[in-house]
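*Asks:* Predicted model, plus sequence, below.
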Amino acid sequence: MKKALLSSVLLSSLAAAGPAFAAQCPPLLDHRIKTLQGDTLDLCALAGHPVLVVNTASKCGFTPQFEKLEGMYGKYKARGLVVLGFPSNDFRQELESDAQIGDFCRMTYGVKFPMASKSSVSGKDANPFFRQLAAATGEAPTWNFHKYLIAPDGRTVYSFATRTEPDAPEVMRRLEPMLH
């Protein structure tokens, strides 16, 4: 219940902060995703905000990137940044259930940013949102912790490989001008 309220407050504040985009949802963001807590997140509410999308896995050598992702979310959310995690077992390194994933992320890394329900992010079974991200950038995830930065216009997308840390200079050069 507490998580549902948090998601509701997050979505309300995002919708209020981006009223110019409320009437027109960019096709890339025209998705509703199920969260780890079972709520539905309407990505249209994120129009007008920079969104850092990351496919995650709990048992990967790159899992410590959660710490930097949460740090960026905490530091920049007041300036519009939204971080979205998409757990996936495409590379055989994710826990079984959404509850296990949520507990792991919260207890191990203090993750507070929104996390989608576990889904596929690559290949023919990729969820529709990740298929669109791959089509927009020409790059699909080849491993966990691939990052996409969606500009506030909801159309411009940058892709960053797994080894690129969330706060790497090449990410920050793109992100900083998008913050308000």
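*Replies:* Everything's here; your move.
*Asks:* Gln65 is in contact with Arg163, isn't it?
*Replies:* No. Judged on C-beta atoms under 8 Å, Gln65 makes no contact with Arg163 at a distance of 9.9 Å. The way it works is simple: take the backbone N, C-alpha and C, and place the C-beta from them, glycine included.
*Asks:* give the contact list for Asn144.
*Replies:* Asn144 makes contacts with 55-57, 60, 62-63, 88, 91, 93, 162, as judged by C-beta atoms under 8 Å, 6 or more residues apart in numbering.
*Asks:* can I have the strand or helix carrying Phe86 written out in CSV, keeping just the CAs?
*Replies:* Using DSSP states H and E, Phe86 maps to strand 82-87. Output in CSV follows, covering the C-alpha atoms of strand 82-87 (Å, rounded to 0.1, in the frame of the first residue of the first chain):
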residue,chain,number,x,y,z
VAL,A,82,13.3,9.7,-13.8
VAL,A,83,15.2,6.5,-13.6
LEU,A,84,13.3,3.3,-14.7
GLY,A,85,14.6,-0.2,-14.0
PHE,A,86,13.5,-3.1,-16.1
PRO,A,87,14.6,-6.4,-14.5
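*Asks:* Just the buried residues of the next helix or strand after that strand, please?
*Replies:* The helix or strand immediately downstream of strand 82-87 is helix 98-109, counting by DSSP H and E. Residues of helix 98-109 classed as buried under the neighbour-count rule (16 or more other C-beta atoms under 10 Å) are 98, 101-102, 104-105, 109.
*Asks:* Just send those back as TSV, with pLDDT and distance to Pro26 too.
*Replies:* Shown next, in TSV, are the buried residues of helix 98-109 (pLDDT from 0 to 100; distance: C-beta to C-beta, whole Å):
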residue	pLDDT	distance to Pro26
Asp98	94	27
Ile101	96	28
Gly102	95	28
Phe104	95	32
Cys105	94	28
Tyr109	93	30
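*Asks:* Now for the spatially closest residue to Leu52 that is not a sequence neighbour: which residues touch it?
*Replies:* Taking C-beta to C-beta, 6 or more residues apart in numbering, and ignoring the residues beside it in sequence, Leu52 has Val83 as its nearest neighbour in space, at 4.8 Å. Residues counted as contacts of Val83 (C-beta under 8 Å, 6+ apart) are 51-52, 54, 69-70, 72-73, 113-114.
*Asks:* Which members of the residues you listed are positioned in strands?
*Replies:* Using DSSP state E, the subset of these located in strands is 51-52, 54.
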